[in-house]
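S.K.: just the structure for this:
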Amino acid sequence: MRGIPFVSMGLKQAVRPALAIGLGLVLGVQPSQSAPETIQISGSSTVYPITKAAIRGFKSSGKTAVPNFVLRETGSSAGFRQFCSGNIPLANASRPISSRELKRCEQNGVRFIELPIAFDAITVVVNPSNTWSRSLTIKELNRLWSQNAQGRINRWNQVNLDYPDSPIKLCGPGKDSGTYDVFNKTVNGSKKNSRTDYLASENDNDLVKCVTQNKLALAYFGYAYYKNNARKLQAVSIVNPKGVPVTPSVNTVQKEKYQPLSRPLFLYVNDQALRKNKPFRQFLRYYLRNVSSLVKQSNYIPLPDSTYRLVDSKLYRHVLGTSFGGDLPVGLTIGQAIDRSFDQHKTVYHR
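M.R.: Residues are numbered from 1 along each chain as shown. Take a look at the predicted model:
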């Protein structure tokens, strides 16, 4: 330890190893070992359970040098802010990257790979004590959630005259959520067109709690959070473009009946980090090789196995950029989303 004066060489030789060992214990590492890699991931609370399951599985996969993981559910928009600033190598997202975020990534030299990993059904839920609102139209949801509803639509019978004259307790994602963006673009025509006088949270478990504790509440969030709490929540059927009320499920999404509140889920991978960081590459390989089971385990809707092979190829070939051009598409079927997601295979240029 240079710079520390010792009385004699003998004392110096005796104390130096002890100091090295003590310092190692304070830092939590053994002598002659370097600290493990730390991989930071943030973004969508919807995708969070899938990535959490991937981390858990990777840690138990027998790799000799498993990195540390810091996983946060901040919402897709907050995740993209970190990702496009180059602060994290991986972002969870419940919507495609926006044109503003694309510009930020370009300004900061962040090149990325866009990987669709699952499908989701944005699910509208009520308390099981609610016996009147078993289905809703998009028009009724607009009447309830648009900016025009703020301070005006506060009772159930204002949504539908057949509903009781009782107050509504609304709960939903905050502005950093991709679910917020997709829901409002679908229901209200713009991701910015939403009332703000409701209980907002980026943590979907807070929204579950809001509805389970209030028989007059209504909320919307990702399908898995409904499925994980199905005994305590009632999913509302959504009237699709054909005029048929459809309840969200794996079957109704895969058969493209639950519309227009279905959407793809994504991982965004920093390509520079992928090329330079071996533990990061190993984790992503594990993630994609097991993605179908991870998605099912997390109660989301898996893509076809043939599609997952294309996803793996997209990572392996380093196909850069987005297939969505900064747009926020709504109401895509699984087939349409897959076609869009792999349009990049037709060109080497960033879209």
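
S.K.: and Ala118, helix, strand or coil?
M.R.: Under DSSP: H, G, I helix; E, B strand; the rest coil, the three-state class of Ala118 is strand.

S.K.: and for Gly189, the neighbour number?
M.R.: The number of residues packed near Gly189 is 12, by other Cβ atoms under 10 Å. All C-beta spots, glycine's among them, are computed from the backbone N, C-alpha and C.

S.K.: try the one 5 residues further on
M.R.: Burial of Ser194 is recorded as 22 neighbouring residues (other Cβ under 10 Å).

S.K.: correct me, but it touches Asn184?
M.R.: Yes: counting by Cβ atoms under 8 Å, Ser194 touches Asn184, with 4.7 Å between them.

S.K.: so what's in contact with these two at the same time?
M.R.: Counting by Cβ atoms under 8 Å, 6 or more residues apart in numbering, the contacts common to Ser194 and Asn184 are Trp145.

S.K.: which other residues reach stretch 132-147?
M.R.: Taking Cβ under 8 Å, 6+ apart as the rule, stretch 132-147 contacts 124, 126, 149, 153, 156, 158-160, 162-164, 168, 170, 172, 183-184, 186-188, 193-195, 218, 234, 236-239, 245, 260.

S.K.: so where do the strands sit in the stretch 251-351 of the chain?
M.R.: Using DSSP state E, counting those that start in this stretch, the strands of the stretch 251-351 of the chain run over 262-270.

S.K.: can you name the next helix or strand after the helix or strand hosting Val125?
M.R.: Taking DSSP states H and E as the criterion, the element that holds Val125 is strand 123-126. Note on strand 123-126: by DSSP H and E, the next helix or strand toward the C-terminus is strand 135-136.

S.K.: quick one: buried residues of the helix or strand just after that following strand?
M.R.: Next helix or strand after strand 135-136 toward the C-terminus (DSSP H and E): helix 138-145. By 16 or more other Cβ atoms under 10 Å, the buried positions in helix 138-145 come out as 138, 140-145.

S.K.: report pLDDT for the residue lying closest to Val236 once chain neighbours are set aside.
M.R.: In space, and not counting its chain neighbours, Val236 is closest to Val124: 4.3 Å by Cβ to Cβ, 6 or more residues apart in numbering. In this model, Val124 is scored at 98, pLDDT.

S.K.: Val124 contacts Gln234, correct?
M.R.: No: using Cβ under 8 Å as the test, Val124 is too far from Gln234 to be in contact (9.7 Å).

S.K.: ok, back up a step: got JSON lines for the buried residues of helix 138-145, with pLDDT and distance to Tyr300 too?
M.R.: Output for the buried residues of helix 138-145, formatted as JSON lines (pLDDT from 0 to 100; distance: Cβ to Cβ, whole Å):
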{"residue": "Ile138", "pLDDT": "97", "distance to Tyr300": "23"}
{"residue": "Glu140", "pLDDT": "97", "distance to Tyr300": "26"}
{"residue": "Leu141", "pLDDT": "97", "distance to Tyr300": "22"}
{"residue": "Asn142", "pLDDT": "97", "distance to Tyr300": "26"}
{"residue": "Arg143", "pLDDT": "97", "distance to Tyr300": "29"}
{"residue": "Leu144", "pLDDT": "97", "distance to Tyr300": "26"}
{"residue": "Trp145", "pLDDT": "98", "distance to Tyr300": "24"}
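
S.K.: format these as CSV; extra columns: distance to Leu320.
M.R.: Shown next, in CSV, are these (distance: Cβ to Cβ, whole Å):
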residue, distance to Leu320
Ile138, 35
Glu140, 42
Leu141, 37
Asn142, 37
Arg143, 42
Leu144, 41
Trp145, 36
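
S.K.: now, among these, which is nearest to Phe83?
M.R.: Comparing the buried residues of helix 138-145 against Phe83 with Cβ to Cβ places Trp145 closest, at 28.2 Å.

S.K.: can you tell me how far that closest one is from Ser190?
M.R.: From Trp145 across to Ser190, the span is 12 Å (Cβ to Cβ, to the nearest Å).

S.K.: between Val124 and Gln234, which is the more surrounded one?
M.R.: Shown here are Val124 and Gln234; by other Cβ under 10 Å, Val124 has more neighbours (26 against 18).

S.K.: contacts only, for that one.
M.R.: By Cβ under 8 Å, 6+ apart, the contact list for Val124 reads 136, 141, 218-220, 235-236, 238, 261.

S.K.: most neighbours among those, which one is it?
M.R.: The residue in the contacts of Val124 with the most neighbours, by other Cβ under 10 Å, is Ala219 (29 neighbours).

S.K.: what is the subsequent helix or strand relative to whichever strand or helix holds that residue?
M.R.: Per DSSP H and E: Ala219 is located in strand 217-221. Using DSSP H and E, the next helix or strand after strand 217-221 towards the C-terminus is helix 223-227.

S.K.: for that following helix, packing partners?
M.R.: Judged by 3 or more Cβ pairs under 8 Å, 6 or more residues apart in numbering; DSSP states H and E, the packing partners of helix 223-227 are strand 112-121, strand 123-126, helix 204-212.
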